[in-house]
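Participant: would you be able to build a 3D model of this:
(2 chains)
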Number of protein chains: 2
Amino acid sequence: MTIGVVGGGQLGRMIALAAAPLGIRCRFLEPGAGPPVAGLGEHIAAPYDEKDALDRFAEGLALVTYEFENVPVASAERLAARLAVYPPPRALQTAQDRLLEKDLARRLGIPTPPHRAVDDRVGLDAALAEIGLPAVLKTRRLGYDGKGQAVLRAPGDVEAAWAAIGGVPLILEGFVGFERELSVLSARGRGGETAFYPLVENRHREGILRVSRAPAPGVTPALQAEAEAYARAVMTELDYVGVVALELFEAGGRLLFNEMAPRVHNSGHWTIEGAETSQFENHVRAVAGLPLGTTAMRGQAAMANLIGTVPDPARVLAIPGAHLHLYGKAPRPGRKLGHVTVRGEDAAGVQGRLDQVLRLL
Amino acid sequence: MTIGVVGGGQLGRMIALAAAPLGIRCRFLEPGAGPPVAGLGEHIAAPYDEKDALDRFAEGLALVTYEFENVPVASAERLAARLAVYPPPRALQTAQDRLLEKDLARRLGIPTPPHRAVDDRVGLDAALAEIGLPAVLKTRRLGYDGKGQAVLRAPGDVEAAWAAIGGVPLILEGFVGFERELSVLSARGRGGETAFYPLVENRHREGILRVSRAPAPGVTPALQAEAEAYARAVMTELDYVGVVALELFEAGGRLLFNEMAPRVHNSGHWTIEGAETSQFENHVRAVAGLPLGTTAMRGQAAMANLIGTVPDPARVLAIPGAHLHLYGKAPRPGRKLGHVTVRGEDAAGVQGRLDQVLRLL
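Facilitator: Numbering: from 1, shown residues only, chains lettered A, B, ... in the order given. Sure thing, here's the model as predicted:
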């Protein structure tokens, strides 16, 4: 079986590495030259919206999935007209727009920070009047890793924020005094069966994920159940197939929906070594119509991203229980070049190993 | 870094899948078309002894290793004249010849079954007079999966055995009444550091490995230490770099050396899920001059080979803790097409899952 993957970054790379043992090959549609998936499957180098390329890409595939959520919805729909596309294009469309995804969450009874759509400068003032300060102004579309966002702390911040990101559809969100950021990775199969990984604690810097800890320390069964209920509701509503990540805030012992990623997710990379079945394998199993694998953890795990530069691999690998993952990308400031997962039997041991990794960065 | 791998079967495939996360690419020299490594690295399709192909293969590589022990020694030496070749060609030469490897073991004080070289029909009678019956007559070279062997139980078996495999250099081995077959996978780095996996119990049928259990039940620390001492002695003597497998018999509470494989080995496939660092990753780490990873087990594991046919993947993957590995080979009787590893926290649970897998075969 050959499956098509739209996008050719590190997520596609790790999907291909998980698909191979199942006897499943990948074909990638990715405009960039020499992408992380190079050498791990057929690569069609063309823009995501080039119709001829989409048709060539689809030829002979069993199904199509994506590793990148900014695939044009029209492209996903063109593909869906001739073969199965998982997750469904509607999930893509929803996740591409901060307003649509928050409206979906609210419709499903999932708490979100207060938010208002902002279509123009006047609308921004109206939204500010309702939401108050502090607040975060965000582009509705194409934001990632902290890009397309501006924090408004005082009235004097408004003009600069508007100058920086105004002119496209925006959303104003109330600034939530959350204690920490969590995420839950979930999978849903073609027959509707679901599987959930333990809640993960995430630490960002400059808008980029730096460290994830699994399981998140101090999660009660009730909090895990709340996260799973939210993920299940989203997946059911979207008739979802594949792995989805929900990014959440923990505030006052409750969870708030921040955003969703209709794909495997950076905060789930630890599952390669730390769970019985990785998020990548479960995504492949789900879209291919195979049974989901157990999401039980193997011990405890933490992951650190390698941003901008890569430490000496020999020093990383000298740390017991450290697993290095490089993506084959040229170094550039702010670029995710790889990650390191540390695994161990207890949280203290994992923390010690993580500290050793972080000292190398 | 690109490393060269001579051979392109499932072992090469799993080496490539372990090398990719370390940012290491593989180039394969493999005469067959559409081999298991297809799509996982550059493939030079040429005979192992074609000088031009060897030179093209070597161009720009950081080093060469192999996944197949019957690489012509002259080819390994041609490669070693221009770049690092690990394990060293002498290890290849020794392991290719049942007489050389048993003589090496004996020289190192490692017990072996009694054996004699047999160069002709008269020599067979002389060896039989010394060793007695029952005995096993084997070709010195190119035997694998039980091929090139004949069991001699009674004097009447001798002529048929000679007719079947005589005419090439042979070895006659005393038939050892062993209790079980064990193996030990070991790794040695470029700086001489070593790492050992727990002893594995192996069950063969028709000369082909069917099931491995890790750790082998009932292994005492003394037996594990004995196995490690033998492996260390062999690796030191050969100035070995990479992973090596020693196949052993357990008889009367002691270990007897049966044979060695100078490469990753079928009885170590369980390490992908069952050990902190897989044999494949440790082989890559060793030859690339990176620190070896810990060989500690993650729970308990068992592996079943898929021989000749592949069961429905959905039925395999429905077994909790079952991990499917397909090699991309066309079905053929007696052919290794894949394997399934089951992992769990205790031996009873693993046995139950293994039984479920075996019922599908």
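Participant: what's near enough to touch residue A:31?
Facilitator: Listed by CB atoms under 8 Å, 6 or more residues apart in numbering or on different chains, the contact partners of residue A:31 are A:45, A:46, A:47, A:48. C-beta here means a position set from N, CA and C on the backbone, and glycine is covered the same way.
Participant: from residue B:72, how far off is the last one?
Facilitator: Looking back up the chat, that one is residue A:48. 48 Å (CB to CB, to the nearest Å).
Participant: between the two, point out the one with more neighbours.
Facilitator: residue A:48 (20 against 16; other CB atoms under 10 Å in any protein chain shown).
Participant: can you verify the more buried one is assigned to a helix?
Facilitator: No. Applying DSSP: H, G, I helix; E, B strand; the rest coil, one finds residue A:48 to be coil, outside a helix.
Participant: from residue B:357, how far off is it?
Facilitator: From residue A:48 to residue B:357 the distance is 41 Å (CB to CB).
Participant: with residue A:215 instead?
Facilitator: With CB to CB as the criterion, residue A:215 and residue B:357 are 29 Å apart.
Participant: so for the two, which residue has more residues nearby?
Facilitator: Comparing residue A:215 with residue B:357 by other CB under 10 Å, the one with more neighbours is residue B:357, at 23 against 18.
Participant: doesn't residue B:303 make contact with the more buried one?
Facilitator: No. If you go by CB atoms under 8 Å, residue B:357 and residue B:303 don't touch, sitting 9.2 Å apart.
Participant: quick one: low-confidence parts of chain A?
Facilitator: A:143-146 (pLDDT under 70).
Participant: so which bits of it are right by chain B?
Facilitator: Selection of chain A residues close to chain B by CB under 8 Å from any CB of the partner chain yields A:13, A:17, A:20-23, A:25, A:39-42, A:276, A:285, A:289-291, A:293-294, A:298-299, A:313-314, A:317-318, A:320-321, A:323-328, A:338, A:343.
Participant: any idea how far chain B is from residue A:114?
Facilitator: According to CB to the nearest CB, to the nearest Å, residue A:114 and chain B sit 42 Å apart.
Participant: now do the contacts for that residue.
Facilitator: Residue A:114 touches A:130, A:131, A:173, A:174, counting by CB under 8 Å, 6+ apart.
Participant: that older thread, would you mind checking the residues of chain A next to chain B for buried ones?
Facilitator: Among the residues of chain A next to chain B, those that count as buried by neighbour count (16 or more other CB atoms under 10 Å in any protein chain shown) are A:13, A:17, A:20-23, A:25, A:39-41, A:276, A:285, A:289-291, A:293, A:298-299, A:313, A:317, A:320-321, A:323-328, A:338, A:343.
Participant: which residues does residue A:254 bridge with?
Facilitator: Legend: beta-bridge partners of residue A:254 under DSSP bridges are residue A:251.
Participant: do the same with the one 5 residues further on
Facilitator: When bridges are assigned using DSSP bridges, the partners listed for residue A:259 are residue A:247.
Participant: contacting residues for it?
Facilitator: Residue A:259 touches A:95, A:98, A:101, A:246, A:247, counting by CB under 8 Å, 6+ apart.
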